[in-house]
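[1] Okay, sequence plus prediction incoming.
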Amino acid sequence: MTDYNLIFGAVLLFNLAVTFRASSYWKKYFPGAATTAPSSDKAEEEDPAPLLGGDEEGAGDVDVEQGQADKGSSAASDAAANIRHSLLLRKYLAVYLLAALSDWLQGPYVYALYDAYGYSQHDIAVLFVAGFGSSMVFGSFVGGMADQGGRKKFVVLFAIIYAASCMTKHFKDFTILMIGRLLGGIATSLLFSVFEAWLIGAHSSANVMSHLGKSFSMAQYGNSIIAILAGQIANKAASHAEFGPVSEGSGFYLGGYLGPFDVSLCTLILCGVLAATLWDENYGEKSSDGDDDSSKDGKSSAAGALKGAFAATMRSPDILSCGIISSLFEGSMYIFVFMWTPALTALAKAEVGEDNFEGLPFGVIFSTFMVCCMAGSSIFSIAMETMKPEQLAVGIFGVASFAFGLVVYAPSATTTFLAMNLFEMCVGMYFPSMGTMKGMIVPEDKRAAIYNLFRIPLNFIVLFSLLTDLTPKVSFILCGTMMVAATLLQMKLKARRISA
């Protein structure tokens, strides 16, 4: 039987080690390991003036003084940029992590709540399909509207829409629950596009684009911590009060699995208030090439914004590649989320026997996955000291391909679980890596619209996995195939970006 607690402890220690290596304390206590040292040595080798005598020596002294002045000015500029970035990052994380918390609180209890209301598996599947369909259809339009109307406003709108979705969960009526799923789909599209678009726009305005990778890494690390915290909070909230109608025959329910949604509602209210007070507004900047299909007569319609985003995507092989790659990876991630529970359960039953099986420690398993994501985000920060995100992404997708192959053909449940943790580390590296790449590749004036356009094929993949009765093994083979395709596409994207 797999020792999940032992693996969790080992992963936690590994995460602490790589987090320390990625932090500023590493450079403080191990200054000799700084990556900037070779460049200064090179500068000294290329400056022969201090070795020369006579008048040339005097000229060399002047050059040295000028160089020291330039270094001082550069250091002051870097310090100012660090201060601006630190302030910006704190403002962003205060809002984003609350939004992420609201989402994590709801996730584990949506199916359980519908089941508690007495709906059949078919009815629940219809509700889930409606949510993903809503994200695919309405999300395509709201991204362009956010670019034009203001991303801060649409973050506040996200909080309002998602809060309304939480409120619908109190009603047993199928139609009201369906409305809630449609609202949740729109909110999810905003969560995975507008926040990121605002962050990149804010970095550009503050002239700290060089810090973008660090920001994405910190956001992913924080998101993993929030996921673990949300699991504990949601568990307490779900067991706080008994589930039932407010009165005999009433369709309005309280308690039980509704607890996490009520906590999420409060979190969303705070998220919207902080976004409205802390964030500055930013918009999609107009493109300078004059070829903006969506803004010929000022602000365009939502359909025009979608058309312009589609045209920009099809014109640029790099943008198109980003969209396909992100859909392949995130589609695999969603399929993994659906399938890891039945896969590990089946393996455990096969090892100990059906009669001796007493369940799996899902809380420990989920926490292990999240710690692996945290470790992955720290590994990204370390790798970015010497690599470009395009290069790193090739390795991420290659390792993810290997991980899924190991999941499919692993000889034991322990090996399978270790391979799953390897994939979760890739997830932790993927989001900051892809976020940084998209920040450099996707045009600012259509950013949120294009990000939501990327989610259309992703939602098709998710819907396919929901509507087909694939076994876990076949699902993981599909994931591995998509990862191989993503690796090949990323290799081509890297070649174009480096040669450009």
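    Perfect, I can see it now.

[2] all strands for this protein, in order.
    Shown for the chain, the strands assigned by DSSP state E span residues 244-245, 253-254.

[3] what sits up against the first one?
    Outside strand 244-245, the residues that touch it by C-beta atoms under 8 Å, 6 or more residues apart in numbering are K172, G251, F252, Y253, L254, G255, G256. Any C-beta I mention is one placed from the backbone N, CA and C, and that applies to glycine too.

[4] Mind doing that once more with 6 Å?
    Outside strand 244-245, the residues that touch it by C-beta atoms under 6 Å, 6 or more residues apart in numbering are Y253.

[5] Who are the contact partners of A100?
    Residues in contact with A100 (C-beta under 6 Å, 6+ apart) are N223, I226.

[6] Relative to V408, how far out is it?
    31 Å (C-beta to C-beta, to the nearest Å).

[7] Likewise for L13?
    Noted for L13: a distance of 28 Å to V408, by C-beta to C-beta.

[8] go on, I450?
    34 Å.

[9] Next one: V62, what pLDDT does it get?
    For V62, the model assigns a pLDDT of 52.

[10] cool, and D291?
    Confidence score, pLDDT, at D291: 47.

[11] List the buried residues in stretch 169-176.
    K169, H170, F171, K172 (16 or more other C-beta atoms under 10 Å).

[12] could I get those residues as CSV with distance to I498 and pLDDT?
    Below are the buried residues of stretch 169-176 laid out as CSV (distance: C-beta to C-beta, whole Å; pLDDT from 0 to 100):
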residue, distance to I498, pLDDT
K169, 49, 96
H170, 54, 97
F171, 55, 96
K172, 57, 95
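
[13] hmm, which two among those are most spread apart?
    K169 and K172 (9.8 Å; C-beta to C-beta).

[14] which residues does the residue lying closest to D318 once chain neighbours are set aside contact?
    Closest residue to D318 apart from its sequence neighbours, by C-beta to C-beta, 6 or more residues apart in numbering: I441 at 4.9 Å. I441 makes contact with D318, I319, C322, according to C-beta under 6 Å, 6+ apart.

[15] if I read this right, the second one contacts T313, doesn't it?
    Yes - the pair formed by I319 and T313 meets the contact definition of C-beta atoms under 6 Å, at 4.9 Å.

[16] coming back round to it: which of the buried residues of stretch 169-176 lies closest to A393?
    Comparing every one of these with A393 (C-beta to C-beta), the shortest separation belongs to K169, at 37.7 Å.

[17] and the closest one, what does it touch?
    F261 are the contacts of K169 under C-beta under 6 Å, 6+ apart.

[18] so what's the residue most central in space within the chain up against?
    Geometric centre of the chain, nearest residue: F431, 4.6 Å, by C-alpha atoms, centre = their mean. Listed by C-beta under 6 Å, 6+ apart, the contact set of F431 reads Q220.

[19] hmm, 8 Å instead?
    F216, A219, Q220, S377.

[20] Neighbour-wise, which one of the residues you listed leads?
    Using other C-beta atoms under 10 Å as the neighbour criterion, S377 leads the contacts of F431 with 29 neighbours.

[21] Could you check how far it is from V18?
    Using C-beta to C-beta, one gets 9 Å for the distance from S377 to V18.

[22] Lowest-scoring secondary structure element of the chain by mean pLDDT?
    Least confident element among the helices and strands of the chain, by mean pLDDT, DSSP states H and E: helix 37-45 (a mean of 38).

[23] Show me where the stretch 1-150 of the chain has its helices.
    Assigned by DSSP state H, counting those that start in this stretch, the stretch 1-150 of the chain shows helices spanning 4-22, 24-29, 37-45, 54-106, 110-116, 121-149.

[24] Just name the most buried of those.
    helix 121-149 (a mean of 21; mean count of other C-beta atoms under 10 Å).

[25] Show me what it packs onto, helices and strands only.
    helix 110-116, helix 151-168, helix 174-191, helix 194-205, helix 302-315, helix 447-467 (3 or more C-beta pairs under 8 Å, 6 or more residues apart in numbering; DSSP states H and E).

[26] Need the ones you listed in CSV (columns: mean pLDDT and distance to G353).
    CSV is the format used below for the helices and strands packed on helix 121-149 (pLDDT from 0 to 100; distance: least, C-beta to C-beta, whole Å):
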stretch, mean pLDDT, distance to G353
helix 110-116, 89, 28
helix 151-168, 97, 42
helix 174-191, 95, 39
helix 194-205, 94, 47
helix 302-315, 84, 52
helix 447-467, 87, 30
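
[27] do you know which of those helices lies nearest A79?
    Across those, the minimum distance to A79, taken as C-beta to C-beta, is reached by helix 194-205, at 17.3 Å.

[28] and the closest one, how far from the chain's centre?
    In terms of C-alpha atoms, centre = their mean, to the nearest Å, the centre of helix 194-205 is set 14 Å apart from its chain centre.

[29] Kindly export that helix (C-alpha atoms) in PDB.
    C-alpha atoms of helix 194-205 as PDB (Å, rounded to 0.1, in the frame of the first residue of the first chain):
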ATOM      1  CA  VAL A 194      -9.000  39.500 -17.200                       C
ATOM      2  CA  PHE A 195      -6.800  39.100 -14.100                       C
ATOM      3  CA  GLU A 196      -3.800  38.100 -16.100                       C
ATOM      4  CA  ALA A 197      -4.500  40.800 -18.700                       C
ATOM      5  CA  TRP A 198      -4.700  43.500 -16.000                       C
ATOM      6  CA  LEU A 199      -1.400  42.300 -14.400                       C
ATOM      7  CA  ILE A 200       0.500  42.500 -17.700                       C
ATOM      8  CA  GLY A 201      -1.000  45.900 -18.500                       C
ATOM      9  CA  ALA A 202       0.000  47.100 -15.000                       C
ATOM     10  CA  HIS A 203       3.500  45.900 -15.400                       C
ATOM     11  CA  SER A 204       3.800  47.700 -18.800                       C
ATOM     12  CA  SER A 205       2.500  50.900 -17.300                       C
END
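
[30] tell me the angle of it relative to helix 447-467?
    150 degrees (axes from the mean of the first three to the mean of the last three C-alpha atoms, to 10 degrees).
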